[in-house]
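Peer 1: turn this into a model:
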Amino acid sequence: RFQMLSSRSFAIVNRSNRHSVINSQFNPRVVRRDLHGKNFIGFETSAEGDKNKDVVFAINPVTGNVLDDPELPFFAATSSEIDRAMKTIHEAGKEFKKKSPEEVSNLLKGIASEIEKDSQQIIQRAMLETAYPEPRLTGEMARTLLQLRYMADRIQDGTHLHATIAKSEGKPDIRSMMVPLGPVAVFGASNFPLAFSVAGGDTASALAAKCPVIVKCHESHPGTSEMVAECVTRAVKDAGMPPVFAAVHGKHKIGQELVMHPLLQAVGFTGSLRGGKALMEASSKREVPIPVHAEMGSVNPVFLLPSSLERQDLGQLVLNSVTGSLGQMCTKPGLIVTVGEANNLMTNIRGLVSEISPGTMLTPAMRDSFEERVKKVSGLSGVQIFERGKSTSGQVTRAVAMTVSAADFLGNLGTIDEEMFGPGTVFVKCENIQEALKVAASLKGQLTGSIHGSEEELSQNSDLIASLSDKVGRLIINGFPTGVEVNSGMTHGGPFPASSDSRYTSVGFPSIRRWLRPVTYQNAPMGILPLDSISCCGIVDASPDS
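Peer 2: Numbering: from 1, shown residues only. Reported below is the predicted structural model:
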């Protein structure tokens, strides 16, 4: 089933060294570092699974072949390993939640430092497993380190705990604060092997909230996940923390088992609508349901008002956002809505798309899914393939631009308005603002919505702005959705199906709220109050006379 890699494309230096397999099409520097393929359970590693059955292989997305020696697989976690991991981090969580903000901050900084030390090796491995170029992964590595250090800095003042005191004469002494939920399962994302994976934003925010974490490594980059998991484990141990981190390999079955484990208290997921809904359904079947914070599908519509269509660089800006990282971004704009005559723009788009070189998607399955989606959408009534990127041989993916009238778009709802993961988009041609308003009103929940126009046009189209605001987590004016800043004002989420709960974000400091819950202490003596409630710098006095 799994072919060894040909000597033309790869050099196998040592069967015991997984990093000796080098893909000449990427030409990464040789990385010599052993990978064991085991699961991380606290400070131990474990591989109880059947070597001939319960395994995951790293696949080269360029060839579709096994990246490593098939005799050295990544072992999927068994039920007993999942149970042991959950019990380990659950027990560790009891001590972890007593740690001071400074201690937790130092842990996050330590994780960043350990990853940074190994960053070049991790990037080289990720190149092999994702086909992403080195600059793309170097940028993602910087973001990963930023997220960890950002959280480390922000938690020290304690404002995220919302410690509150409410006192009045003759009334009970009321104090409240946020406390950690408990063990969190983080599901690594396929398209962000670093920033939304083992030590990504979900893990950083959960640990910042003093919640122990178990990561379900994504099967498309198991080697990268293992390398990062090693860094996290070292940092936890060096910080003198209890074993609050675990990471397991496996496919969908493992994810279901994790969600159903009675000790788990919350889930963080970034991926497809289908995957997110499956986890939400699993949670609902538990004796005690838990929150599943899932960031899922979005088409991220971009509305181009008449004045913006006159910009000479608009076509290039649109395509940069559509085809960046080969369209494998959750914020990629899948709908471009033009208002008024757009012939010049479309002529420009045709020329630009025809010159786009094909690329390799993250997995062969994703490539097949994208092509199937293109075929399905282009077969709808009134939809045409306007232009495709350069043609070539091999298992690569070509960019595509499709067009449809507003009337035909509205007639194909339920199919045309679903996410197209890959380098493709649909241009919806509206003759006037009334048609654009109908398109906006028809949309489901989105991560983002963008409007381009002059200040005068924007002031004249408040209805469009209001309509989009009701549908999105982030409204963008004269900009594009790809690129999500890490700060306190960012919302990376939105109404369903963009995310499972539009009240929360998965990026920025407010993302920590997903892993906290409020507790009120009434007439509690100081000696039994949590340390954080006493030392917190951000106490709010909610007394009537305050």
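
Peer 1: residue at max distance from the center of the chain?
Peer 2: G170 (50.0 Å; CA atoms, centre = their mean).

Peer 1: could you verify that it is part of a strand?
Peer 2: No. Read with DSSP: H, G, I helix; E, B strand; the rest coil, G170 is coil and lies in no strand.

Peer 1: quick check on it: phi, psi?
Peer 2: Here is the backbone geometry of G170 (degrees, to the nearest 10): phi 80, psi 0.

Peer 1: three-state assignment of the residue nearest to A126 when sequence neighbours are not counted?
Peer 2: Leaving aside its chain neighbours, A126 sits nearest to T224 (4.4 Å; criterion: CB to CB, 6 or more residues apart in numbering). The way it works is simple: take the backbone N, C-alpha and C, and place the C-beta from them, glycine included. Following three-state DSSP, we place T224 in the helix state.

Peer 1: which strand residues bridge V426?
Peer 2: With DSSP bridges applied, V426 shows beta-bridge pairing to L335, M402.

Peer 1: that one touches I416, doesn't it?
Peer 2: Yes. Between V426 and I416 a contact is recorded at 6.5 Å, counting by CB atoms under 8 Å.

Peer 1: now for these two: what residues contact both?
Peer 2: Residues touching both V426 and I416 (CB atoms under 8 Å, 6 or more residues apart in numbering): 377, 383, 404, 409.

Peer 1: mind listing which of the residues you listed are in strands?
Peer 2: Among these, DSSP state E puts V404 in strands.

Peer 1: could you identify which of the shared contacts of V426 and I416 has the most neighbours?
Peer 2: Of the shared contacts of V426 and I416, F409 is surrounded by the most neighbours, 26 neighbours in total, counting by other CB atoms under 10 Å.

Peer 1: what sits against it?
Peer 2: Neighbours of F409 in contact, by CB under 8 Å, 6+ apart: 382, 416-417, 426, 428, 439, 442.

Peer 1: mind checking which of these are in strands?
Peer 2: In strands, judged by DSSP E, the following of those are found: 426, 428.

Peer 1: so can I have JSON lines of the contacts of F409 showing pLDDT and neighbour count?
Peer 2: Compiled in JSON lines, these are given as follows (pLDDT from 0 to 100; neighbours: other CB atoms under 10 Å):
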{"residue": "G382", "pLDDT": "98", "neighbour count": "14"}
{"residue": "I416", "pLDDT": "96", "neighbour count": "24"}
{"residue": "D417", "pLDDT": "96", "neighbour count": "21"}
{"residue": "V426", "pLDDT": "98", "neighbour count": "26"}
{"residue": "V428", "pLDDT": "98", "neighbour count": "25"}
{"residue": "V439", "pLDDT": "98", "neighbour count": "23"}
{"residue": "S442", "pLDDT": "98", "neighbour count": "14"}
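
Peer 1: pretty sure I336 contacts C430?
Peer 2: No. At 10.8 Å, I336 does not count as touching C430 under the criterion of CB under 8 Å.

Peer 1: those two - which one has more neighbours?
Peer 2: Between I336 and C430, counted using other CB under 10 Å, I336 has the larger neighbour count: 26 against 23.

Peer 1: now stretch 464-479: mean pLDDT?
Peer 2: For stretch 464-479, mean pLDDT is 98.

Peer 1: for that stretch, list the C-alpha coordinates in CSV.
Peer 2: Taking C-alpha atoms only, stretch 464-479 is exported to CSV below (Å, rounded to 0.1, in the frame of the first residue of the first chain):
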residue,chain,number,x,y,z
LEU,A,464,-25.2,46.8,3.6
ILE,A,465,-22.9,47.4,6.5
ALA,A,466,-25.6,46.6,9.0
SER,A,467,-26.5,43.4,7.2
LEU,A,468,-23.0,42.2,7.0
SER,A,469,-22.3,43.1,10.7
ASP,A,470,-25.1,40.7,11.7
LYS,A,471,-23.5,37.9,9.8
VAL,A,472,-19.8,38.2,10.7
GLY,A,473,-17.2,38.2,13.5
ARG,A,474,-15.0,40.7,11.8
LEU,A,475,-16.1,43.5,9.4
ILE,A,476,-13.3,44.8,7.2
ILE,A,477,-13.4,48.1,5.4
ASN,A,478,-11.2,48.6,2.3
GLY,A,479,-9.1,45.5,3.2
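
Peer 1: got the buried residues for that stretch?
Peer 2: 464-465, 467-468, 471-476 (16 or more other CB atoms under 10 Å).

Peer 1: ok now do M227, which residues does it touch?
Peer 2: Residues in contact with M227 (CB under 8 Å, 6+ apart) are 33, 35, 118, 121-122, 125.

Peer 1: can you give me how far stretch 513-529 is from the chain middle?
Peer 2: What separates the centre of stretch 513-529 from the centre of its chain is 31 Å, taken as CA atoms, centre = their mean, to the nearest Å.

Peer 1: can you pull the buried residues of that stretch?
Peer 2: For stretch 513-529, the neighbour count (16+ other CB under 10 Å) marks 513-516, 521 as buried.

Peer 1: what's the burial count for the closest residue to E310 other than its chain neighbours?
Peer 2: With sequence-adjacent residues excluded and distances taken as CB to CB, 6+ apart, E310 is closest to N344, at 7.8 Å. Neighbour count for N344, taken as other CB under 10 Å: 14.
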